[in-house]
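> let's see this in three dimensions:
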Amino acid sequence: ACIQLGIGGPPKALDQQGRVPPCMIHVMIEQLRLLRLDAATRCVVIEVESNTITFNAAISACEKGGNWDRVLQLFCLMAQSNVELDTITVSAGISACKESGEWEKGLQMFRVMLQRQVEPNKIAFNTAISACTESGEWEMALRLHSMMSQSEVESDLITFEAIAGASEQGDQQKMVLHFCGV
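This next block holds a predicted model:
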């Protein structure tokens, strides 16, 4: 027996062995719409509604499971399906990429969010800034902080810690003092 999952179209097997990755189980439980047995393939077919909430649940679960490549697949599928992305989608995606050392892919997700005219919030900016800082990309982290300020998104302690780390990497202590209002 195998399990198939349909997202916005005909059911598709999730892997070659017909198994559902652990990061998708939560989505299937929470968003279960239809369960049936396909007589031709003898597979249990689960169809899940294709929407922002479903994708965010899957992306967040995969992010928590450290499955960054599955996060990217879901993100691309979401974009191809014209499902609206939001800051939850992008923040979880950036976080997954950051944890796996794929900060550039996380930044691509941030760019897609901007292209789709989704306003980044504090969490999205902080996640992107932290990803750049932890990857040694201090100049990009400082550019993102500048963009954050121009967008009138308020900085917080997480922002400060990330910018302080970026500034230390770039030997920019004066900038940190300015950032702190000293």
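> ok, now how distant is the closest residue in space to residue 119 that isn't next to it in sequence from residue 53?
Distances taken as C-beta to C-beta, 6 or more residues apart in numbering place residue 151 nearest to residue 119, at 7.1 Å, with adjacent residues excluded. For glycine as for every other residue, the C-beta is placed from the backbone atoms N, C-alpha and C. Taking C-beta to C-beta, to the nearest Å as the measure, residue 151 falls 25 Å from residue 53.
> residue 125 now?
Per C-beta to C-beta, residue 125 is found 23 Å from residue 53.
> neighbour count winner among these two?
residue 125 (27 against 14; other C-beta atoms under 10 Å).
> just to be sure, the more buried one is in a helix?
Yes. Counting by DSSP: H, G, I helix; E, B strand; the rest coil, residue 125 is found in a helix.
> can you show me the helices along the protein?
Using DSSP state H, the helices of the chain run over 22-30, 52-64, 68-80, 87-99, 103-115, 122-134, 138-150, 157-169, 173-180.
> and the residue nearest to residue 119, its phi and psi?
Backbone geometry at residue 151, expressed as degrees, to the nearest 10, gives phi -80, psi 0.
> got the helices of the chain as TSV, with mean pLDDT columns?
Listed next are these as TSV, based on pLDDT from 0 to 100:
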stretch	mean pLDDT
helix 22-30	59
helix 52-64	86
helix 68-80	86
helix 87-99	89
helix 103-115	90
helix 122-134	91
helix 138-150	89
helix 157-169	78
helix 173-180	53
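> re earlier: number of nearby residues for the residue nearest to residue 119?
Residue 151: 13 surrounding residues under other C-beta under 10 Å.
> and if you look at residue 131?
By other C-beta under 10 Å, 27 other residues sit near residue 131.
> before we move on, what about residue 101?
Around residue 101 there are 12 residues (other C-beta under 10 Å).
> residue contacts, the nearest residue to it once chain neighbours are set aside?
Counting by C-beta to C-beta, 6+ apart, residue 101 lies nearest to residue 135, which is 7.1 Å off, once chain neighbours are set aside. Counting by C-beta atoms under 8 Å, 6 or more residues apart in numbering, residue 135 touches 98, 101, 103.
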